[in-house]
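I'll drop the sequence and a predicted model, then ask my questions.
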Amino acid sequence: MPIAAPCALVIFGASGDLAKRKLIPAIYELAKEKLLPEKFVLVGYARSPMTDEDYRKECREAVQQFARTKPFDVAVWDRIEKNTSYVQGDYGSVDDHAKLADHLTGLDQSAGTAGNRLFYLSTPPNTFEPIIERLGERQTHQTGDSGSWQRVIIEKPFGRDLASAKSLNQLLVKNFGEKQVFRIDHYLGKETVQNMMVMRFANAMFEPIWNYKYIDHVQITVSETLGVGSRGGYYDKSGALRDMVQNHIFQLMALVAMEPPVALDARSIRDEKVKVFQSIRPIRGGANGVNDFTVRGQYTAGGEDKAKTDGYKKEKGVDPNSTTETFAAIKLFIDNWRWSGTPFYLRTGKYLGEKLSEVVVRFRSPPLTLFQKQCESPVFPNDLIVKVQPEEGISWRLNGKVPGGTLNIKSVALDFNYEETFHVESPEAYERLIFDAMTGDQTLFIRADEAEAAWAVIDPIEQGWAQSTRPPEEYAPGTWGPKRAMDLIENDGRRWLQGGNEAPDPVIACSLQ
Ligand code: BG6
């Protein structure tokens, strides 16, 4: 395990939701695991006036409420709290950034952080530019001294289309080197997502069958049971395609579809992921923005208890006439030798029937065999299901004989469950990612060309939808999205394996003669 060098972690957007729910608790867990450097300071930076004491109190409460592990270990947090401080400032102000820089220099002396800084941009996207510019200016003042490092972690959304992602990348290149930039996609920090590469490339059994000859199609579902909550203002300008598909779902897809990298380093892995995005067949608008490859939906009023809503258009911060999608399903093709003609069905949405992130790889049915001839219906095709959340694990669905004198076949599962196997709870994605940024490992972060290649696929879909006079299709909370999302796959003679299709596979009776 690499050891993180002494450093200061500066969180821009110190009091934001992400900081409270994820980042501060992740720092606590890292401290508990003894993965933080001895000389570590946490600096919150935001616009609201606050004293160091106020901020420390806020952080302590965040850890008590949101830490992954309980009970709260007072001694661990006391050590971090001693080295926690707050700087109030405007994101674009030269003077306020000078104040921050002085504060950090002081900490280098008093806490021994050696000039190493990790800046975390956990702020709205319109603040990225001023923060990056100010940090860049100050960095120029500081380069040349002592071999210290400065790194920037940027939260999503990384742009809202190809053009804005390119200009953000240009701004970053002007101010930093690519080696200093850590574009975050928290899905890459999830254990099961990382396990996908191990599963594919550390086992000999998958590679020979991992292609269009044996795989019928791939489905990826990332469904949520809640709505946009307090994030309506952001979400209404984004929508499910930009918020979830361009990043999280595309990353899952890339790990399923990529070629084996030549080495397990950041460059080799990211090279292969970029090629996947570049090979995706463009999806264009179709007549009136409607085509057989995309479905967009928006939730109406309904639901129960915590998942009760007056409908998307009534959410705080949302335009009452909004055509922003809260559900998206797409079918796409990766035009390369491995995947020629194999559809990838992707879907995500708010207020759906269940919270679930899963990848299903469905294999082709066995060729005509004695079973086909002697059984009342064809045997089931095999499925490999990678469960990302809430359960973490892998499940193989195979055909097995039901015990007894007759030949009855049933689909059975070979299950590998993370928690049961390893007897530990997986760390939160942010723990891993913050640690990697501290040690300078970019493998689980998005490279500039990768973000752009993903946007290049999304842009034509967004354009088609923007030109459409047909609004997104409505769906009731607690369902699995608009009916057309079912049609998208069912018209191809397939079905979504989760969500709305829970009926167990029947037993197939076969005759022995
Ligand atoms: C975020 C999206 O990136 O991911 C949210 O902006 C979404 O809209 C969240 O709710 C889902 O993350 P997870 O880890 O709960 O699946």
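Sure, I can see it. Residues are numbered from 1 along each chain as shown.

ok, Thr221 - how many residues close by?
Each residue near Thr221 was counted by other Cβ atoms under 10 Å, and the total is 25. C-beta here means a position set from N, CA and C on the backbone, and glycine is covered the same way.

quick one: it is in a helix?
No. Under the criterion used here (DSSP: H, G, I helix; E, B strand; the rest coil), Thr221 is strand, not part of a helix.

residues from this structure in reach of the ligand?
Residues of the chain lying near the ligand by Cβ under 6 Å from any ligand atom: Lys156, Glu224, Asp243, Ser357.

want to throw the residues you listed into JSON lines with distance to Glu473?
As requested, those are exported to JSON lines (distance: Cβ to Cβ, whole Å):
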{"residue": "Lys156", "distance to Glu473": "26"}
{"residue": "Glu224", "distance to Glu473": "18"}
{"residue": "Asp243", "distance to Glu473": "18"}
{"residue": "Ser357", "distance to Glu473": "23"}
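
Nearest to the ligand among these?
Distance to the ligand, by Cβ to the nearest ligand atom, is smallest for Asp243 among the residues of the chain next to the ligand, at 4.7 Å.

Please identify the helix or strand for the nearest residue to that closest one once chain neighbours are set aside.
Residue nearest to Asp243 in three dimensions, not counting chain neighbours: Tyr235, with 6.5 Å by Cβ to Cβ, 6 or more residues apart in numbering. In this assignment (DSSP states H and E), Tyr235 forms part of helix 232-236.

ok, now Thr192?
Using DSSP H and E, Thr192 sits in helix 191-201.

name the helices or strands packed onto that helix?
helix 250-257, strand 383-389, strand 393-402 (3 or more Cβ pairs under 8 Å, 6 or more residues apart in numbering; DSSP states H and E).

and these, which is most packed in?
Ranked by mean neighbour count, those are led by helix 250-257 with a mean of 24 (mean count of other Cβ atoms under 10 Å).

Now the element after that one, going C-ward?
Heading C-terminal from helix 250-257 (DSSP H and E), you reach helix 266-278.

Of all the residues of the chain next to the ligand, the one with the weakest confidence?
pLDDT across these is lowest for Lys156, at 92.

Give the helix, strand or coil label for that residue.
Assignment for Lys156 (three-state DSSP): coil.

How about the contacts made by the nearest residue to it once chain neighbours are set aside?
Sequence neighbours aside, Asn247 is the residue nearest to Lys156 in space, at 5.6 Å (criterion: Cβ to Cβ, 6+ apart). By Cβ atoms under 8 Å, 6 or more residues apart in numbering, Asn247 lies in contact with Lys156, Pro157, Phe158, Asp185, Tyr187, Ile446, Ala454.

what's the fourth one sitting at in phi/psi?
Read that as Asp185. Main-chain torsions, Asp185, degrees, to the nearest 10: phi -140, psi 110.

Neighbours of it, how many?
Look at Asp185: counted by other Cβ under 10 Å, it has 23 neighbours.

Then the fifth one?
Neighbouring residues of Tyr187 were enumerated by other Cβ under 10 Å; the total is 22.

Show the pLDDT at it.
96.

Start at 24, not 1
Happy to do that; since the first residue is 24 now, the last one works out to Tyr210.

Surely it forms part of a strand?
No. Judged by three-state DSSP, Tyr210 forms no part of a strand; its state is helix.

need the contact list for it.
Here Tyr210 is in contact with Val216, Asn270, His271, Gln274, Leu275, Ser380, Val411, Ala452 (Cβ under 8 Å, 6+ apart).

hmm, try it at 10 Å
216, 245, 267, 270-275, 278, 380, 411-412, 452, 467 (Cβ atoms under 10 Å, 6 or more residues apart in numbering).

quick one: pLDDT of the residue nearest to Asp266?
As summarised for this prediction, Tyr258 has a pLDDT of 96.

Can you get me a residue count around it?
Using other Cβ under 10 Å, the number of residues around Tyr258 comes to 23.
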